[in-house]
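Undergrad: Sequence first, then the predicted structure, then my questions.
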Amino acid sequence: MERVNIKNFFEPKSIAIIGASDHIEKVGGILLSKAVKSSAKIFPINLSHEELLGLKTYKSVLEIKEQIDLAVIAIPAAFVAKSMEECGKKGIKEVILVSAGFSEVGNIKGEEEVLVVAKKYGIRFSGANCFGICNPWDNLDLTFANNMPGRGEIAFISQSGALWSYVAELDFGISSYVGLGNMENMDFNDFIEYFAEDKKTKSIVLYVEKLKDGKRFLEVCQKAVENGKKIYAIKGGSSDAGEKAAISHTASLASDYAIYKGAFKQAGVVTCENFLEMFEKASGKKSQYKSKGVKIGKSAFILTNAGGAGVLLSDLLTKRDVKIVDKSLDIIGTALAEDYMRNFNEIKSKDFETLFVILTPQSMSEMEKTAEKVVGMKNELEKVGRNVVAVFLGGKSIKEANNIFEKNRVEFVNGFGEI
């Protein structure tokens, strides 16, 4: 396979935002508003506007005369193959495919069409169904997290995008972030290989649900460790309940946890059992999030806007002998307060003792409104002797939500280390 110029993902001089929007609550609007803060030249692609944020728009990348280093695609899945074809004709070789609606929802045909086009033109892409890429050192944020983290020496590569919204709120210091999504084209190996040579990166942190090429993983990790990098990983889906959640999250078919632990050890990767512990080890800093003694109960249901967070919580609770009822219900990152409430009304009749409501602070998230909805859930379940725990992951974005919880006596945590 053609070797990708990964530097274009992190230090592009020009970016086409395909699906750019003037609606700040939409993914295309969020990506455009963030991209213009970088030093790259931005080209919005939009069919119905002549300009966005003062920038001339184009109906296709083929209308742009300048060279484009990187394209970000955030349009419905049905139109992605055509857009990828236009990128190929334009000579764009690096693409971030944010668009969802592929293998994670059973659309194998659509995924294959995109892969055929990418192969035809030698395009390498991260995704689909990915959260984007962030390089704080260049003020480049092509994600929809609520905040940009401080600059540091940790590279975070994750199959779960929404976990980035959580990490971006913490004070560990990040060199770069990569959301892999479904790993249709690029995977951990491509980016580990890059960070092994990156001077700003001292440690590499991995959130893994599955590996595609275990042999190459061993090779690139061993080389990175030999190059002085420390690598830490947590395996999402280490329990049966977590594995079920992982399968529905990124179409991952997770294998036996012991196999992964053995592979990590052979590769020189430090296996971590707790998400926060992983970043503490990588940074040498202790987090402020310690156990608060919330009432877990003997059975639980998980409602989440972050698939990876649901997987990790399923694993954590299972290790504490809590029965997970069904699998976590992932209402995706764009979930608003009403989405939480609507889904609560559908699941409240299920047989669980404690409802865990996860929110990661994404740009479109309604933290305070969702907190108010959680209060309503708590009041309703309390009448029948059941409990709610709000798992609002992050820092400054959720302070007001925390105030709402405290005022209304709702149990809440802001990090996995508190449970």
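TA: Perfect, thanks for sending it.

Undergrad: can you map out the helices along the stretch 201-350 of the chain?
TA: Taking DSSP state H, counting those that start in this stretch, the helices of the stretch 201-350 of the chain run over residues 214-226, 240-250, 257-267, 275-283, 307-319, 337-347.

Undergrad: For those helices, could you give me a markdown table that also reports mean neighbour count and mean pLDDT?
TA: Using the backbone N, CA and C atoms, a C-beta is placed for each residue, glycine as well. Output for these, formatted as a markdown table (neighbours: other Cβ atoms under 10 Å; pLDDT from 0 to 100):
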| stretch | mean neighbour count | mean pLDDT |
| --- | --- | --- |
| helix 214-226 | 17 | 96 |
| helix 240-250 | 24 | 61 |
| helix 257-267 | 16 | 91 |
| helix 275-283 | 21 | 93 |
| helix 307-319 | 26 | 93 |
| helix 337-347 | 16 | 96 |
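
Undergrad: Could you dump the ones you listed into TSV and include distance to K298?
TA: Putting the helices of the stretch 201-350 of the chain into TSV (distance: least, Cβ to Cβ, whole Å) gives the following:
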stretch	distance to K298
helix 214-226	37
helix 240-250	14
helix 257-267	23
helix 275-283	23
helix 307-319	10
helix 337-347	18
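
Undergrad: Now the phi/psi pair for the residue lying closest to K41 once chain neighbours are set aside, please.
TA: Here the nearest residue to K41 in space, its sequence neighbours aside, is S14; by Cβ to Cβ, 6 or more residues apart in numbering that works out to 4.6 Å. Dihedral angles phi and psi of S14 (degrees, to the nearest 10) take the values phi -150, psi 140.

Undergrad: gap between S14 and K93?
TA: When Cβ to Cβ, to the nearest Å is the yardstick, S14 and K93 sit 13 Å from each other.

Undergrad: Those two: which is more packed in?
TA: K93 (21 against 17; other Cβ atoms under 10 Å).

Undergrad: So for this protein, the centremost residue is which one?
TA: By Cα atoms, centre = their mean, the mean C-alpha position of the chain lies nearest to G161, the distance being 0.4 Å.

Undergrad: which ones are touching I75?
TA: Contact criterion Cβ atoms under 8 Å, 6 or more residues apart in numbering gives 18-19, 28, 83, 99 as the residues in contact with I75.

Undergrad: rerun that using 7 Å as the cut-off
TA: Contacts here follow Cβ atoms under 7 Å, 6 or more residues apart in numbering; on that basis I75 touches 18-19, 83, 99.

Undergrad: Most neighbours out of those residues, which is it?
TA: The most crowded member of these is I18, carrying 30 neighbours; neighbours defined as other Cβ under 10 Å.

Undergrad: Can you check the pLDDT for it?
TA: The confidence metric pLDDT takes the value 98 at I18.

Undergrad: So what sits opposite it in the bridge?
TA: I45, I73 (DSSP bridges).

Undergrad: I figured it hits S83, correct?
TA: Yes - under the contact definition of Cβ atoms under 7 Å, I18 touches S83, with a separation of 5.4 Å.

Undergrad: who touches both of those two?
TA: Residues within reach of I18 and of S83 at once, by Cβ under 7 Å, 6+ apart, are 73, 75.

Undergrad: if I look at the nearest residue to K369 once chain neighbours are set aside, how far off is N345?
TA: Counting by Cβ to Cβ, 6+ apart, K369 lies nearest to A337, which is 3.7 Å off, once chain neighbours are set aside. Distance of A337 to N345, given as Cβ to Cβ: 13 Å.

Undergrad: The residue nearest to the centre of the chain: what's it in contact with?
TA: 130-131, 179, 181, 333.

Undergrad: least trustworthy position among those, going by pLDDT?
TA: Ranked by pLDDT, these bottom out at G333 (80).

Undergrad: from what I can see that residue touches L359, true?
TA: No - counting by Cβ under 7 Å, L359 is not a contact partner of G333; they are 10.0 Å apart.

Undergrad: Compare the two (neighbour count), which wins?
TA: Neighbours were tallied for G333 and for L359 using other Cβ under 10 Å; the higher tally belongs to L359 (30 against 23).

Undergrad: Where is the longest helix in this structure?
TA: Counting by DSSP state H, the longest helix found in the chain is helix 367-382.

Undergrad: By residue count, which strand of the protein is the longest?
TA: The single longest strand within the chain, with elements called by DSSP state E, is strand 151-158.

Undergrad: What are the contacting residues of that strand?
TA: Residues from elsewhere that reach strand 151-158 (Cβ under 7 Å, 6+ apart): 136-137, 164, 167, 172-180, 188, 191-192, 195, 198, 200-207, 279, 282-283, 308.
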